[in-house]
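K.L.:
Sequence and predicted structure, then a few things I'm wondering about:
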Amino acid sequence: MPTARFLGHSCVTVDNGKHNIIIDPFLSGNDKAAAKPTDIKVQYVLLTHGHGDHVGDAVQIAKANDATIVANFELANYCARQGCTVHPMHIGGSHAFAFGRVKLTIAHHGGGAGEHADIYTGPPVGFLIEMDGKTMYHPGDTGLFLDMKLIGEMNKIDLAWLPIGDNFTMGIDDAVKAVEFLKPAQVVPFHYDTFDVIAADPTKFASKVKGSKVTVLKPGESIDF
Ligand code: NI
Ligand code: MN
C-alpha cells in the first residue's frame, strides 16, 4: 500500500517501501515546509510546472539522489540544462517507470520558470500516478476544468490532492465541484495558507464535500491509499 506524505504547499512524497518519489519539492523557500532538501531520499522528482513554488529545490534534490526528473518536455530540458537526468513527457502521454505508471494531464495555469517566470517551460500539467494498483491524482496548479469529469470516468482514483487556496488556482467551491467530477475515494486539500493571498479554511472545504473522504493534513503528516 503506498503512503503519501504532505510536506507543505503542493509537495508530496509517495513511498511503497521499495520506491519513492517526490512531487513539486518547494522546501527551502517555504518556512512551513516539513522537510529540508537534504532530508529527501528519492529515486524520482516529478514537476508539474516551472513556477518557483513547484520546481523549488528539484535540481539540488535530483543531483544529490541521482534521481530522474519527470516533467513536460520543455521543463525537463530546463532541468537538463542545469545538469539533471530527466525523463521528458507530455500531456496525454503515459510511461511505466520502475515505481509505476505516470500519465500527464492538462492543467489550466501558467508555466514560466525563473525569478520572473519568463523562462519558457511549457504548459503546466497534472499527474496520474499508479503505484501498487492504486491511483493518485496530483493536479498541480489549476483552475477547475470539465475534463476532470473524463479523468474521473477513466480512472478509479484512490487519492486526489486539490488546490483550495484560490487566487492562483481553484478556490474551495471549485475544488468541491472538482471532487464531484473526479469521484476520488479520498481527497486532501493543498496549495493554501503558504502565503497570505492563498489563505483558506480546509475545514470549510471538508464540510462541503460529499461522497469522498476528506483528510486535512498538516505538513509532515501522511495518508495511505
Ligand atoms: Ni503555479
Ligand atoms: Mn503554485
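P.N.:
Nice, thanks for sending it over. Ligands and ions are numbered 1, 2, ... in the order given.
K.L.:
near ligand 2, which residues of this protein?
P.N.:
Within the chain, the positions adjacent to ligand 2 are 53, 141 by CB under 5 Å from the ion. (C-beta placed from N, C-alpha, C; glycine too.)
K.L.:
biggest helix in the chain, by residue count?
P.N.:
Secondary structure of the chain read by DSSP state H shows that its longest helix is helix 172-182.
K.L.:
Who are the packing partners of that one?
P.N.:
helix 147-154, strand 159-163, helix 202-208 (3 or more CB pairs under 8 Å, 6 or more residues apart in numbering; DSSP states H and E).
K.L.:
To ligand 1, which of the ones you listed lies closest?
P.N.:
Nearest of the helices and strands packed on helix 172-182 to ligand 1, taken as CB to the ion: strand 159-163 at 9.2 Å.
K.L.:
which other residues reach that closest one?
P.N.:
The contact list for strand 159-163 (CB atoms under 8 Å, 6 or more residues apart in numbering) reads 4, 10, 12, 134-139, 141-142, 169-170, 175, 178-179, 182, 184-192, 212, 223, 225.
K.L.:
What of stretch 27-45?
P.N.:
By CB under 8 Å, 6+ apart, the surrounding residues in contact with stretch 27-45 are 6-9, 11, 13, 19-23, 25-26, 52-53, 56-58, 60-62, 64-65, 67-70, 97-99, 193-194, 218-220.
K.L.:
at 7 Å instead, please
P.N.:
7-9, 11, 13, 19-22, 25, 52, 56-58, 60-62, 65, 67-70, 97, 99, 194, 219-220 (CB atoms under 7 Å, 6 or more residues apart in numbering).
K.L.:
Please check the residues you listed and keep the buried ones.
P.N.:
7-9, 11, 13, 19-22, 25, 56-58, 60-62, 65, 67-70, 97, 99, 194, 219 (16 or more other CB atoms under 10 Å).
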